[in-house]
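Trainee: Following is a predicted model, sequence given first.
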Amino acid sequence: MISALATVAAIRAGGTTALTEADAAIARIQAGDGAINAVVLRDFDRARAAARAFDEGGNKALALAGVPMTVKESFDVAGLPTSWGFAEHADHVAQTDALAVQRLKAAGAIILGKTNIPVGLADLQANNPNYGLTRNPRDPDRVSGGSSGGSAASLAAGFVPIELGSDIGGSIRVPAAFCGVWGLKPTYTALNPDGHYFPRTDNARVALSVIGPMARDAADLAVLLDVLSDVSMPRASAKPVERLRLLVLTGHPMASTQTAVAAAIEHLAVALAAAGATVERDSELLPDLDKQHRAYWRMLNIAMTRGVPLDGSAPAPLAEWFALSDEQARNTRDWARLFTRYDAVIAPALGATAFRHDDTPLAARILDIDGEATPFAHQFVFPGLATFPMLPAVSVPVGVDPDGMPIGVQVITDYNRDHDAIRIAGQCHQLVGGAAPPPIAEASSR
């Protein structure tokens, strides 16, 4: 399967058509998704009709001219259910497209269907009573991640070249890392999330939460960012690797890191230094990560429950929310000062590779890291590095663990420097040889 940009080029040159590409993607899904369960809402008839219409009179100059893709179930697509995995919302059918979906279609994309999520987008695996369990294309016993788990699986399986996800606690970055693909958690204000609502509501956006693009390479990710952005994002710096100044973190003081993950980051750091980059492992400018995580975790839980705890305890007082907002502002300023010295921070997307399916409630779940039993919830320290200060972060594959499972790291950059994050992630990926395994569709044909 070729990239989105290569597909566009082929369509423009007359080497293929939107309908041919849609049919090929549909055939891949029909042949391979039975064992994965990534594309849980299939809209093939309307996709073929849209592709035919594009071939008959569409503008081939569009950025995504005729490219087939899927989107996360939590985005409204007119005529399809938006349930967020809740059984009581399984019959909720969207009447209009989310703004991001409108922009994708306006850019020429052909929407084939929607991909799986956990209930309420509240887990790092994809399983719910409406659509069941999504499996990792690399190993069906492992999770594909969450909450954009179906999105990452659809990409990794080679069904489509591009996807649309969302992220508040690593929901783009972690599944991308688990499946060996790319994902951008953008700057908080970069992309408009209208139409990414809790079912049957039109509420304000959730604090900390963003929508963002996912892809199989850096170039497609950058194009998707431009298609989806509310404003023209600053272009990436042209700095070569040898002029980059990078802060590399292999772990976090509050969570364990799998040896293979730390080793992959260390391997990348050595490769960057050998290429001439300035690589540092610590800095007095780094915010207090313990303090940052405690504030992030509290804000995340208030945001996800809209201030009303699920255990029936007293709602969070408004004064606490204001205090957390003040702490977030101070933390954001700390990161801004750090980026006066560094071009990017490289850190684990999560401290472990894809784990085995586990329906234990998240709060009680235990994760085995190199034989050590550790609370699963501790792993949210890694996504929180970029989420709390509202910074862009790209999850990029940089290796595999001893079981052949992908290892991804996140490249974090300054506010609104999303294209820098994509470019530097691409430079990192090239230096380590693009070590993630090939797409399933390609691997199976070899």
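Mentor: On my side now, so go ahead. If you're wondering where the values come from, they're calculated on a predicted model, not measured in any experiment.

Trainee: What segments of the stretch 1-150 of the chain are strands?
Mentor: All strands of the stretch 1-150 of the chain, identified by DSSP state E, counting those that start in this stretch, fall at 39-42, 68-72, 110-115, 127-128, 132-133, 135-136, 139-143.

Trainee: How far away from the center of its chain is stretch 118-137?
Mentor: Averaging C-alpha positions (CA atoms, centre = their mean, to the nearest Å) puts stretch 118-137 15 Å from its chain's average.

Trainee: now residue 346, which residues is it bridged with?
Mentor: residue 248, residue 411 (DSSP bridges).

Trainee: So it sits against residue 411, correct?
Mentor: Yes - at 5.7 Å, residue 346 counts as touching residue 411 under the criterion of CB atoms under 8 Å. No exception for glycine: its C-beta is placed from N, CA and C like everyone else's.

Trainee: Now list whatever residues contact both of these two.
Mentor: Residues touching both residue 346 and residue 411 by CB atoms under 8 Å, 6 or more residues apart in numbering: residue 428.

Trainee: what about those two, which has more around it?
Mentor: Ranked by neighbour count (other CB atoms under 10 Å), residue 346 and residue 411 place residue 411 first, with 29 against 24.

Trainee: what sits against the residue nearest the centre of the chain?
Mentor: The chain has residue 172 as the residue nearest its centroid, 1.9 Å off, counting by CA atoms, centre = their mean. Counting by CB under 8 Å, 6+ apart, residue 172 makes contact with 148, 151, 165-166, 183-185, 212, 214, 395.

Trainee: what kind of secondary structure is the closest residue to it other than its chain neighbours in?
Mentor: Leaving aside its sequence neighbours, residue 172 sits nearest to residue 183 (CB to CB, 6 or more residues apart in numbering; 4.0 Å). Secondary structure, DSSP: H, G, I helix; E, B strand; the rest coil: residue 183 is strand.

Trainee: Please enumerate the helices of the stretch 201-350 of the chain.
Mentor: With helices called from DSSP state H, counting those that start in this stretch, the stretch 201-350 of the chain shows them at 218-228, 259-274, 289-305, 318-338.

Trainee: Ok, the stretch 1-150 of the chain next?
Mentor: Under DSSP H, counting those that start in this stretch, the stretch 1-150 of the chain gives helices at 4-13, 18-32, 44-57, 99-106, 149-156.

Trainee: I'd like to know how far the residue nearest to the centre of the chain sits from residue 184.
Mentor: 7 Å (CB to CB, to the nearest Å).

Trainee: what's the answer for residue 211, then?
Mentor: Residue 211 sits 10 Å away from residue 184, going by CB to CB.

Trainee: what's the answer for residue 21, then?
Mentor: In terms of CB to CB, residue 21 sits 23 Å off from residue 184.
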